Structure formats: structure tokens, C-alpha cells
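# Sequence below, structure please.
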Amino acid sequence: MRLRTPLVALSSVGLLALAACGGSGGGSAPSAETPSNFNPGATGNGKDANAKGPVTIPGAQKGGTVTVLTLTGLTTTMDPSEIYYTDTSSIFSGLIGRSLTQYRYDPKTKNMILVPDLATDLGHSNDTYTKWTFTIRDGVKWGENGQPVTAKDVAWGMTRCMDAATFPTGACQYYSNVYYKGGSSYKGPYTEHQKPGTIFKAIKVDGNKITITMAKPFPDMPYWMTFPANGPVPTDPKVSDPKTYKKHPWSTGPYMIDKFNQSKELVLKRNPYWDAKTDPARTQYPDGYDFQLQTPSEKIDQILLADTGDGQTTLTYDDLLAPDYQQMKQKAPDRLTLGGSPCTYYWGPDNRKITDKRVREALSWAYPYKNAILAAGLIPGVNAIPSTNLMPPGVPGRTEYNVTGREGFDSDPAKAKALLKQANALGYEIKFLFRTDDPISVKGKDAIVRGLTEAGFKATPVPTTTANYVAARDNVNEDINVRSAGWCSDWPSGSTWLPPVLGSTNPNKSKSFGANYSAFGNKAADAQMDAIQKMPLEDQAAAWNNLDKKIMTKYFPLFTTYYTGIAQAHGSRIMGDNDDNTVGMPTWKDMWVKQ
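Now for the predicted structure:
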């Protein structure tokens, strides 16, 4: 799962089976406020196994430094084995490091497509998708010493990230343990005190080929290979020591780290050994990048609105504040970067406690969508998009459904109250968390209390702090009965939605929700999720969508509040700043500075 803030991180924990993608994702009806150039995207649905470098952009010029301003970005390390949030993942993959596969922006469709990276193609599997082979291309060199990158370097990087004790928040714990043969019993080279550089037995290197043996079918392997964890790390233990490597991972991309102070600054300079002929997606037009962190949002917006001096070569991947977005929309709409990202926010009634479906449906009518969104500083129709399905626009096989008939961000207190009367539940108490030290959370709490009270509920906000919020939300015994959550897919497949969000996790026994914050558990639904994995690949996408609709229609375990979008901006001399809708970040690989 990919999300952009420290409160909701990129996490694969809780995923079950994964399916390959086909077809095109259905759209969601735009709000009247949605800009005409908004594109929800297909979140990496397309593929081009034959893509080759070099990439050239007509009219692009070399030179200049791109300044990137952000308030809360880059708070985590840059070690590819533990990269966890979308900003570090996007910046590392776009500019610094390479993995076996990658995404490339298609200006015609305004979507991301899957292409090779260090591998010569998108990999080859056996008929059961339990063995995958990738061939490592020639000519890729380390930026720090100019030496060739080998298949063994890649295999070591893939092995190293499996050490859960050393990299507990990394992206590969779930995939390696569940899918790699012998993965569930593998402790990792640092934990088991093996010789550093030892390669996990499920990964074999033969010359320039890497073969991975799986414990179960994994047809989505080419998508998983885009993650930084599936790229090279030097086998020299002095270089790849986790204590120091996180501050300066070696470069294989067009740029390398000059300075990195976590939460303060990141300065990138050209990698002199990067060869454009080996790279099917990246370019190297700017001289470098200067990421300036902890910059107040108001200051960022004013610099970009003024568009003078260095502001002309500046961009942000933070969303503009709502009033500043309106100004930019009027003043310079061509400097707005708008689009979708593969994320859904939702309210999850605890199905162990709120057992009556009518009460859960009443909540969906009572929730003050628009007021809560405005209180959060979001822009309706731009970075908060009306939602219907659990799966957002762009997921293959998705066709829109509407279980309740509610439109857009509409609420209906009268309809909610009627449902509560039917359930003999007027005055039903709803307990939900809010953060007392976060003014936005307090405003949202106030809006929700007003909405629920008007609809016939008793609203009881439960105070916590930002520091304690995640622990309280994740506590299966916390005295609340609704949880606010969000989920973003790791890649475009219904399999990255239903199993993690709606698959049974048995929190009373396991003491964990996983990502199933509604505590929904249904054996028949679980069985259908397992069955979909065994279908022909061309049938799986539609089957996930049908199951999504079936569960929501029959059980209504949760209700979505909005899909995410972005409202970012750049200076007038920044070119190629588009929406990477696989993560809602800039398309670093296409960027250049107008001289």
C-alpha cells in the first residue's frame, strides 16, 4: 500500500493473493468542481516489454537545478531495503536507483506504463507462475566507482531486504515470506549472521540471469519488481552496512546523492556513469536537484504563485492549500499538476460491534463528506474525489457501482434517521478517534459530530494525540467502534484491494486488523478470493470487481469517503512535471529546466 504521510505508510502487510492485470479501469463521475484536465489514470496498467533507451524529449534542454520544496517529506531513510513511503520510493526510483522493472510516463494517455529497467524485458515465467527468470542488461555501472552492476548485486539487494529484524518496515517482508520458496523460514543474512552477500536460496544467479522460485503462483511479479527493494546493493559488507548505507545508497540512476540529512535536505548531482542507452525510461537533463525540507506550506505556495527568480525553477509535491489552488487555477493553470493516485479513504465501522447492516448504511448517509473534506483543507473534486467502489478508478476490470444510490459528496440526515428507526437504533453511539494536537483533526471532528448528531446518532469523539493515534487505531480492543483508514494499491490489480481490506484477519485471536479496519470476516468471501487466484488471468480482473460489488451489496462492511488526487504546482521554467498516478508524485524521469 502506498500513502504519502507518516501516519499511513506504504505497507504490504495483510496482502493475500495477487493477480495479473488486463483490460482498462472504469472511471468515476467527476464532481462539478473537478478540473477539465483531471485524469484519474490507469495507475500503471499498460505494459511495454520491448521498451528501450535512450529516451529523448523533443525540445528538452540540458542544465539548471530543480528546487523541490516540501513541508513533511523525506522523513525516512533512503536505503532501498527499507524505503517505505511514496516520496522516498518515487524519488529513489525516479532519480537515484534502478530495479528490475519500472514505470514510464506516456504523454499520449497521461498514464504510467510498465517497462523494463535493469532487466532486458519484463521477465519470463513457467506456466504456473511459480518460477520467474530475469536477464540483467549490460552497461549499467555504479555511480560511486564506475564498476559494472552484476546479477549478483541485484540478487543480494533482493535477499538483503528480507531481513525483517534489520528492515522491519521494508516492502518485501510479505512477498518474500508468502511467495518465495522457503521465505517463511528465512530470517535474513544479518539476523542469521550469514556471510554478508550470501544470496537467499530461492534466488539463483547464473551468469547475467536471476531465477526466483516461488512457493505459490505469483503472476504479478513484474509489478513487484518495480520496487526499490528489487534492485542492486553492493555485495561489499563495508559498503552495504545497513547502519551507513541508509544515508548514502549507491547510485545506478541518472543522479547520485551529494548530501542527505533526513527531514532536512537532499541534494542530488549527476551520475557520470549513467548510460542513457541502458535506460528505457529515465533522462538526465537537469544538472541536479535540491530538495529543501520543512518548508511551511504557506511559504511554498507564495513562492510558486509569485514565480520570480528561483521560484521559476521550483516545484512541490505537496498539495497546494485550497485558497492558493484557486489563485493558481486563475493565474497560471498551466503550472498546476493535477491527476489521480491509486488511493481510497474510508470509514470502517467495527463489524464486531456494529452488527446491523442498517446502522452501517445509516452512517454512510450521515457522514458529512464535504464538510469533513473542507475541514481537512482538501479541495473537493481535485485532491478529494467522490467515491463509489472500494477500488478507485484505474484498476483493471473496474466498473462503477453504487450500492446506496448516494451521489457525490451528498449527505442525507433524514435517510440516515429513517434507517436507524428501522433498526430500532435511534441515538446509536458512534465512537471515533481524533487528534487533540492537530487543528485539522479537531475541525474534522467538529464537522463529523454535527453531521452524526443531526442524523440521529450519538457522536462520541475519543481524544488521542498524533504520537499515539496509530497505536490507538490499531488496538483491536480500543473503546471505539469506527476507524478512519486509507489504502493505496501496490500496483493495478483488484488483488491488492479486496484481500488486504476485506479478507478475514480474525482480530480477536490475531490481535491485529492487518489492513482490515472494519474487522469484516466472511468465510465465503475468503473462499472466493482464493478461487479468483486460480482463474485464468484474463478472467481475474472482472472477478475482483464483481466480488467487490457483491460484498458491498450484501454486507456493506464499510463506506468510502473519497478517492485521492493531487493538486501540485511548479515554476514556469520547470518542464515535464506530470502526475505519476501510480503514487501521486511528479514524473521525475521526464523533467527538464527551460533555459
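# Skipping adjacent residues, who's closest to residue 215 in space?
Leaving out its chain neighbours, the residue that sits closest to residue 215 by C-beta to C-beta, 6 or more residues apart in numbering is residue 181, at 4.8 Å. Heads up, the C-betas are built off the backbone N, CA and C, glycines and all.
# Show me which residues of stretch 505-525 are buried.
505, 507, 513-522, 525 (16 or more other C-beta atoms under 10 Å).
# Switch the residues you listed over to CSV; also include pLDDT, distance to residue 112 and secondary structure.
As requested, those are arranged in CSV below (pLDDT from 0 to 100; distance: C-beta to C-beta, whole Å; DSSP: H, G, I helix; E, B strand; the rest coil):
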residue, pLDDT, distance to residue 112, secondary structure
505, 93, 31, coil
507, 95, 35, helix
513, 92, 30, coil
514, 86, 27, coil
515, 87, 23, coil
516, 94, 28, coil
517, 96, 28, coil
518, 98, 30, coil
519, 98, 34, coil
520, 98, 31, coil
521, 96, 34, coil
522, 97, 34, coil
525, 97, 31, helix
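# Make JSON lines from those residues and add distance to residue 450 to it.
As requested, the buried residues of stretch 505-525 are arranged in JSON lines below (distance: C-beta to C-beta, whole Å):
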{"residue": "505", "distance to residue 450": "33"}
{"residue": "507", "distance to residue 450": "31"}
{"residue": "513", "distance to residue 450": "28"}
{"residue": "514", "distance to residue 450": "32"}
{"residue": "515", "distance to residue 450": "29"}
{"residue": "516", "distance to residue 450": "29"}
{"residue": "517", "distance to residue 450": "24"}
{"residue": "518", "distance to residue 450": "24"}
{"residue": "519", "distance to residue 450": "27"}
{"residue": "520", "distance to residue 450": "28"}
{"residue": "521", "distance to residue 450": "33"}
{"residue": "522", "distance to residue 450": "34"}
{"residue": "525", "distance to residue 450": "35"}
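# out of those, who's nearest residue 89?
Of all these, residue 515 has the smallest distance to residue 89: 18.1 Å, by C-beta to C-beta.
# Distance of that closest one relative to residue 213?
The spacing between residue 515 and residue 213, counted by C-beta to C-beta, to the nearest Å, is 28 Å.
# and the end-to-end length of stretch 475-492?
30 Å (C-alpha to C-alpha, to the nearest Å).
# try stretch 219-229
From start residue to end residue, stretch 219-229 stretches across 18 Å - C-alpha to C-alpha.
# May I see the buried residues of that stretch?
Using 16+ other C-beta under 10 Å as the burial criterion, the residues of stretch 219-229 that qualify are 219-229.
# ok, back up a step: what's the burial count for the residue nearest to residue 215?
Using other C-beta atoms under 10 Å, residue 181 is surrounded by 17 other residues.
# surely it meets residue 216?
No - with contact taken as C-beta atoms under 8 Å, residue 181 and residue 216 are classed as non-touching, separated by 9.1 Å.
# Can you list the residue ranges for strands in the stretch 251-400 of the chain?
Applying DSSP state E, counting those that start in this stretch to the stretch 251-400 of the chain gives strands spanning 255-261, 265-270, 288-292, 314-316, 336-349, 384-385.
# okay, those strands, which one's buried deepest?
strand 384-385 (a mean of 28; mean count of other C-beta atoms under 10 Å).
# I'd like the next helix or strand past it.
Going down the chain from strand 384-385, the next helix or strand is helix 413-422, by DSSP states H and E.
# hang on, the earlier thing: nearest to residue 584, of the strands of the stretch 251-400 of the chain?
strand 336-349 (2.8 Å).
# Most widely separated two among the buried residues of stretch 219-229?
The widest separation within those, taken as C-beta to C-beta, falls between 219 and 228 and amounts to 21.7 Å.
# out of the strands of the stretch 251-400 of the chain, which comes closest to residue 105?
Sorting these by C-beta to C-beta, the top spot, which is the nearest, belongs to strand 336-349 at 10.8 Å.
# about what we covered before: ok, of the buried residues of stretch 219-229, which one's closest to residue 77?
When the buried residues of stretch 219-229 are compared for distance to residue 77, the smallest value, 11.2 Å, is given by residue 228; criterion: C-beta to C-beta.
# Which residues are in contact with that closest one?
With contacts defined as C-beta atoms under 8 Å, 6 or more residues apart in numbering, residue 228 is in contact with 80, 83, 89, 92-93, 97, 99, 171.
# beta partners of the closest residue to residue 385 other than its chain neighbours?
Residue nearest to residue 385 in three dimensions, not counting chain neighbours: residue 563, with 4.1 Å by C-beta to C-beta, 6+ apart. The residues paired with residue 563 through beta bridges, assigned by DSSP bridges, are residue 344, residue 385.
# all numbers from here: first residue = 220
That works, and once the first residue is 220, the last one we named lands at residue 782.
# rewinding a little: roughly how far apart are the residue nearest to residue 434 and residue 431?
The spacing between residue 400 and residue 431, counted by C-beta to C-beta, is 9 Å.
# Output the longest helix belonging to this structure.
Under DSSP state H, the helix in the chain containing the largest number of residues is helix 756-773.
# List the buried residues for that helix?
The neighbour-count criterion (16+ other C-beta under 10 Å) identifies 759-768, 770-771 as the buried residues of helix 756-773.
# for stretch 695-704, same thing?
Counting neighbours by 16+ other C-beta under 10 Å, stretch 695-704 gives 695, 697, 699-704 as buried.
# Residue 508: what's it in contact with?
With contacts defined as C-beta under 8 Å, 6+ apart, the neighbours of residue 508 are 284-287, 314, 474, 485-487.
# okay if I get the residues you listed as a markdown table plus pLDDT?
Below are the contacts of residue 508 laid out as a markdown table (pLDDT from 0 to 100):
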| residue | pLDDT |
| --- | --- |
| 284 | 98 |
| 285 | 98 |
| 286 | 98 |
| 287 | 98 |
| 314 | 98 |
| 474 | 98 |
| 485 | 97 |
| 486 | 98 |
| 487 | 98 |
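# Could you check which helix or strand contains residue 689?
helix 685-693.
# CA-only coordinates of that helix in CSV, if you can.
The C-alpha trace of helix 685-693 is given here as CSV (Å, rounded to 0.1, in the frame of the first residue of the first chain):
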residue,chain,number,x,y,z
THR,A,685,-0.7,12.5,16.9
ALA,A,686,2.0,10.4,18.5
ASN,A,687,-0.5,7.9,19.9
TYR,A,688,-3.0,7.9,17.0
VAL,A,689,-1.8,4.9,15.1
ALA,A,690,-1.3,2.7,18.2
ALA,A,691,-4.9,3.6,19.3
ARG,A,692,-6.4,3.0,15.9
ASP,A,693,-4.6,-0.4,15.5
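# isn't residue 402 right next to residue 421, touching?
Yes - using C-beta under 8 Å, residue 402 is in contact with residue 421, at 6.5 Å.
# beta partners for residue 707?
Per DSSP bridges, the residues bridged to residue 707 are residue 562.
# Number of residues surrounding it?
Residue 707, neighbours per other C-beta under 10 Å, totals 25.
# which regions of the chain sit below the pLDDT cut-off?
Across the chain, the stretches falling below the confidence threshold (pLDDT under 70) are 220-264.
# relative to its centroid, which residue of it is most remote?
For the chain, the C-alpha lying farthest from the average C-alpha position belongs to residue 643; by C-alpha atoms, centre = their mean, that distance is 40.7 Å.
# tell me what the longest helix of the chain is packed against?
Using 3 or more C-beta pairs under 8 Å, 6 or more residues apart in numbering; DSSP states H and E as the contact criterion, the secondary-structure elements in contact with helix 756-773 are helix 717-721, helix 742-752.
# what angle separates the longest one from helix 756-773?
The directions of helix 742-752 and helix 756-773 differ by 160 degrees, with axes from the mean of the first three to the mean of the last three C-alpha atoms, to 10 degrees as the criterion.
# What is helix 742-752 packed up against?
In terms of contact count using 3+ C-beta pairs under 8 Å, 6+ apart, helix 742-752 is assigned the packing partners helix 717-721, helix 756-773.
# how far out from the middle of the chain is that helix?
What separates the centre of helix 742-752 from the centre of its chain is 25 Å, taken as C-alpha atoms, centre = their mean, to the nearest Å.
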